[in-house]
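S.K.: Sequence first, predicted coordinates after that:
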Amino acid sequence: LLIAGAGKIAGSLDKGFILAEIILPAVSFFFVYLLGFEVLGSRLAAILLAVIFLFFPRFALFPAANSLSWGSELQLYFARFEYPMVTFPFFAAALYLLARVLRRNEKWMYLVGGVVVGSLFYTYLYDWIYIFTGLFILAAFLLITGDRKGVIKILKIAAVAGIVSIPYWLNFFALKALTSFSDLTLRIGAEFFHRFRFDIVWPSYFRAIALAGLVWLVNRKKRPKMTAYIAAFVLPILFLLNIQVLTGFVPHPDHWHRTTFLMLAM
């Protein structure tokens with residue numbers, strides 16, 4: 001819809017892609033800036049985060065391979081279709097609205113946040129699973145620290161997002177009922193096993209625990225809500241890389257890392 005709409009405005013599909021490559025990364029930049037300002041409380045820090053992240057989204061993975069690359073020789077990272085050019089604005093907007101709802105006491109903002117989180121069901125599979133995993137961890141942190149209002153806010157957002165996701169689930173179960181569904185799962189390259197994943201990805205576990213622990217130790221007394229927020233959205237990788245332990249399968253597990261780039265950069 002977004003690319004076709006851009007093509008309609010520009011006069012052709014080719015020009016639509018060019019228009020989208022101009023507009024959508026700028027939208028991503030805007031929401032990363034808003035998120036940075038909401039969490040960090042500094043315009044300068046937010047601008048630095050947005051600029052560095054849009055050009056080097058994997059810089060927080062240093063010294064991992066390609067962590068300081070900005071994409072391919074011919075294309076910037078955020079110009080890639082459809083992830084992240086089309087999907088990332090929704091993802092960044094969801095993280096921003098979650099932080100805003102948690103930090104402020106705006107009466108109806110949870111509805112907006114819930115709708116945007118719900119929209120992730122229709123953009124990128126890995127985004128909505130990551131967000132809901134982070135929300136679960138965040139709710140646990142807030143419950144431990146006695147922030148009942150924060151927990152209620154999260155439950156409201158999750159409820160609204162759940163309602164928005166209803167057509168997604170109806171479509172999913174209709175798809176699953178097809179006799180060709182097993183063939184489709186094989187074609188998308190799903191892995192089938194119940195093992196815990198450790199050998200190659202252990203640096204991801206170490207990085208997430210170390211950064212979340214550092215943020216918690218330094219900032220928990222000054223800004224407890226935002227500290228819990230950052231830690232909660234750094235740690236989901238521990239669970240996402242092992243979702244197959246419960247489900248018995250996982251499609252393209254390397255994609256889980258993409259969901260963590262922004263919060264690691266934060």
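M.R.: It's in.

S.K.: Could you use CA atoms for every contact and neighbour count after this?
M.R.: Will do.

S.K.: Longest helix in the protein, please.
M.R.: Counting by DSSP state H, the longest helix found in the chain is helix 13-40.

S.K.: and it, which residues are buried?
M.R.: 13, 15-17, 19-21, 24-40 (16 or more other C-alpha atoms under 10 Å).

S.K.: Export the helix or strand hosting Ala94 to PDB, keeping only CA atoms.
M.R.: Per DSSP states H and E, Ala94 falls inside helix 88-103. Once non-C-alpha atoms are left out, helix 88-103 reads as follows in PDB (Å, rounded to 0.1, in the frame of the first residue of the first chain):
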ATOM      1  CA  PHE A  88      11.100   0.300  10.500                       C
ATOM      2  CA  PRO A  89       9.000   3.500  10.800                       C
ATOM      3  CA  PHE A  90       6.200   1.400  12.400                       C
ATOM      4  CA  PHE A  91       8.700  -0.300  14.700                       C
ATOM      5  CA  ALA A  92      10.400   2.900  15.800                       C
ATOM      6  CA  ALA A  93       7.000   4.600  16.300                       C
ATOM      7  CA  ALA A  94       5.900   1.700  18.500                       C
ATOM      8  CA  LEU A  95       9.000   1.900  20.700                       C
ATOM      9  CA  TYR A  96       8.600   5.700  21.000                       C
ATOM     10  CA  LEU A  97       4.900   5.600  21.900                       C
ATOM     11  CA  LEU A  98       5.600   2.800  24.500                       C
ATOM     12  CA  ALA A  99       8.300   5.000  26.100                       C
ATOM     13  CA  ARG A 100       6.000   8.000  26.000                       C
ATOM     14  CA  VAL A 101       3.000   6.200  27.600                       C
ATOM     15  CA  LEU A 102       5.300   4.800  30.300                       C
ATOM     16  CA  ARG A 103       6.900   8.200  31.100                       C
END
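
S.K.: Taking helix 13-40 as reference, get the angle to it.
M.R.: 20 degrees (axes from the mean of the first three to the mean of the last three C-alpha atoms, to 10 degrees).

S.K.: Helix 88-103 packs against which elements?
M.R.: Counting contacts by 3 or more C-alpha pairs under 8 Å, 6 or more residues apart in numbering; DSSP states H and E, helix 88-103 packs against helix 13-40, helix 109-119, helix 148-164, helix 224-234.

S.K.: so who does Thr227 touch?
M.R.: For Thr227, the contact set (C-alpha atoms under 8 Å, 6 or more residues apart in numbering) comprises 215-216, 219-220.

S.K.: picking that back up, closest one to Gln244 among the helices and strands packed on helix 88-103?
M.R.: helix 224-234 (19.6 Å; C-alpha to C-alpha).

S.K.: just checking, Tyr122 touches Tyr168?
M.R.: Yes - using C-alpha atoms under 8 Å, Tyr122 is in contact with Tyr168, at 7.1 Å.

S.K.: Could you list the low-confidence segments of this structure?
M.R.: The chain contains residues with pLDDT under 70 at 73.

S.K.: the helices in the stretch 151-266 of the chain, which residues?
M.R.: For the stretch 151-266 of the chain, helices defined by DSSP state H, counting those that start in this stretch occupy the ranges 166-176, 181-187, 202-219, 224-234, 237-240, 244-247, 261-265.

S.K.: Give me whichever of the ones you listed is most buried.
M.R.: Neighbour counts (mean count of other C-alpha atoms under 10 Å) averaged over each of those peak at helix 224-234, with a mean of 23.

S.K.: Give me the distance from the helix holding Ala94 to the chain's centre.
M.R.: Helix 88-103 sits 9 Å away from the centroid of its parent chain (C-alpha atoms, centre = their mean, to the nearest Å).
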